[in-house]
Each structure stands twice: as C-alpha cells, then as structure tokens.
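A.B. asks: quick check, what structure comes out for this input:
(one chain, ligands or ions: 1)
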Amino acid sequence: MKSVSFIQRNTQGHWVGDGFPVRTLFSYNDDPAAFSPFLMLDYGGPMNFEPTTQRRGVGAHPHRGFETVTIVYDGEVSHRDSSGGGGTIGPGDVQWMTAASGIVHEEFHSEVFGRVGGLFRMVQLWVNLPAREKMAPPGYQGITAAQTPTVALPGGAGSVRLIAGEFQGERGSARTFTPMQVWDVQLKAGHTVILPAPEGHTTVPLVYQGRVKTTDGQEASDAEMIVYKRAGEGVTLTALADTTLLWLCGEPIDEPVVGYGPFVMNTPQEIQQAFVDFQNGRMGRL
Ligand code: MN
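C.D. replies: You can find the predicted model right below:
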C-alpha cells in the first residue's frame, strides 16, 4: 500500500478571464516533480452565475508543450481552437486538448448556460508531454459522458467513470501519451474501497466534494488533494460522506520542466522560441 506524503490545498482563489473562479491547487511553478506527469490543476467553482447575454470566459490565448483537460461537473463550457477542434461540453463531459507544438484557443461559458445561469463546477488539469512529443501536431478529443465507461465498485461502494486509463477490463477513451488514470469516482458514505495505483507512479486524488479518510488516518475534503508517496501499490480510502473524487495517477515524466504562463517546455531557449512562434502566428489563429 502507498502511504500519504502530504495533503495539498490552496484557499486563495482567482479568476481566469471573467468566467472561471478557480483555486490553483498545484502548479509546475512550485514543485513539478511531486505531481509529474500532471502540471497544474485549477479547481473551478462551485459558483452560481446569474443569467447574462454577455460572453463569460477567456478569449484567444496560446498553449505549447502539454495538454489541457477540462472536466465539467455542472454548467457548460464552449471551446474553439486553431486546430479546428471545438464543441460544448456539459456535466460528465471532458475536453482533452493536446496543445503540443502550439494551439490558440478560447474558453467560454456556453451561450445557453450564460442565458440561463446556474451552478458552475469544473476542473482544468494540465498534463505534461514527454520531450519527444512536445512538438507533435496539436489535437482535440471531445469525450462525452455517453462515451465514458462506468465500472461499479464492489459492495455498492460507488462507481468509477473512466476518462483515461484502464480498470477491471474497461478502458477510458482519452488517448494519452504516457500511462495514466484519470477517473471520476463516486464513493458512498461509510464505504471503504481499494483503488489500484502502480509502484512508482504519482498518485494524487482530488476530493472534488465530500470527505475521505486514508489508512494513515489523514482526512481530505472539498478542494483537497491527497499526495501519496511513490513507493507501494494501491491505496485504501474510506468515504466519510458521499464523495466525488477525481482519481489522478500517472507515470512520472523524469525530465526538466521549464514553463512560463501558457508554455511548458524543457529549456529556457524553448520558452523564448514559443513566444517568437506565437507572435509570428506559427501556433495558428482562430
Ligand atoms: Mn487555455
């Protein structure tokens, strides 16, 4: 079994554009090795939005060197990018955007959600690419709830929706460049579950909502991540309340991380080149 290294939290919020009230729970600026292959996680909401006719969100901006994964729990997000990808996602849907060599995109509340308003809850996760894939062509995977296999946990403990990675013979539809599991897990209060986590892999589940207890006796609730040690296999969690957990586990990418804002590469020279390429329109246009 893996043991807990520490509980990660951040109570300071900020806005991304005028649509996304988030708390950045970790970032590549702080301790890239601890969370690798994951680079950043923005915990979005919960917030109630009043109806509006204005577009709320963030306009055209670039990314290079990694992937952005947007998971919607409540509300709707519309996305459009320079690779031709785009679409609107709602509760249970995921956008898996591979920026790789460069992409320009915009992220807004959907027109319908803007008009109706209501509860908004989402997560945006940044996933690193290995050096050999950082300049690969960009891509976009829109993954609907209907395309996401669900596996029941034993004993009526809850369920696992597979966004990426494999569990009990089912496989999430997201194509990833390195091995990882990204699962939307529902746990019922009072139940204990064992979740698989390979030896040596980063294992950093996020409690989106609820409360869980580890075998070390540590507890995590809303917007807190459990950071496990790499050694050992599998973890055991007890749900102290009905819990929505974002299960994040992946093989670390043991390479230098040099990032600046929307670009994450391996060297400072590559970051300078990213700025030049963006300014010259080499990451495409909307
Ligand atoms: Mn973005």
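A.B. asks: bridging residues for the most centrally placed residue in the chain?
C.D. replies: Closest to where the C-alpha atoms of the chain average out (Cα atoms, centre = their mean) is Leu125, at 2.5 Å. Leu125 has these beta-bridge partners by DSSP bridges: Leu41, Val69.
A.B. asks: who are the contact partners of it?
C.D. replies: By Cβ atoms under 8 Å, 6 or more residues apart in numbering, the contact list for Leu125 reads 38, 40-42, 68-71, 182, 246, 248. C-beta coordinates here come from the backbone N, C-alpha and C atoms, glycine included.
A.B. asks: and which of the residues you listed is nearest Ala136?
C.D. replies: Within the contacts of Leu125, the smallest distance to Ala136 is 15.0 Å, found for Thr68 (Cβ to Cβ).
A.B. asks: in this structure the closest one contacts Ala99, no?
C.D. replies: Yes - counting by Cβ atoms under 8 Å, Thr68 does reach Ala99; the two are 6.6 Å apart.
A.B. asks: so for those two, which residue has more residues nearby?
C.D. replies: Per other Cβ atoms under 10 Å, whichever of Thr68 and Ala99 has more neighbours is Ala99, with 28 against 23.
A.B. asks: please tell me how far the more buried one sits from Asp74.
C.D. replies: 26 Å (Cβ to Cβ, to the nearest Å).
A.B. asks: and the nearest residue to Leu206 once chain neighbours are set aside, its phi and psi?
C.D. replies: Counting by Cβ to Cβ, 6 or more residues apart in numbering, Leu246 is the residue found nearest to Leu206 once chain neighbours are left out, at 4.2 Å. Here is the backbone geometry of Leu246 (degrees, to the nearest 10): phi -100, psi 110.
A.B. asks: Leu246 bridge partners, please.
C.D. replies: Under the criterion used (DSSP bridges), Leu246 bridges to Asp184, Leu206.
A.B. asks: need the contact list for it.
C.D. replies: Taking Cβ under 8 Å, 6+ apart, we find Leu246 in contact with 71, 123, 125, 182-185, 205-206, 208.
A.B. asks: hang on, Gly92 packs against Thr150?
C.D. replies: No - judged on Cβ under 8 Å, Gly92 makes no contact with Thr150 at a distance of 10.0 Å.
A.B. asks: helices of the stretch 1-150 of the chain, start to end?
C.D. replies: Ranges of helices in the stretch 1-150 of the chain, per DSSP state H, counting those that start in this stretch, are 32-35, 111-116.
A.B. asks: just to be sure, Glu270 is in a helix?
C.D. replies: Yes - judged by DSSP: H, G, I helix; E, B strand; the rest coil, Glu270 forms part of a helix.
A.B. asks: circling back: farthest pair in the contacts of Leu246?
C.D. replies: Greatest spatial distance in the contacts of Leu246: Leu125 and Val185, 14.7 Å, computed using Cβ to Cβ.
A.B. asks: Leu195 contacts Leu237, doesn't it?
C.D. replies: Yes - using Cβ under 8 Å, Leu195 is in contact with Leu237, at 6.8 Å.
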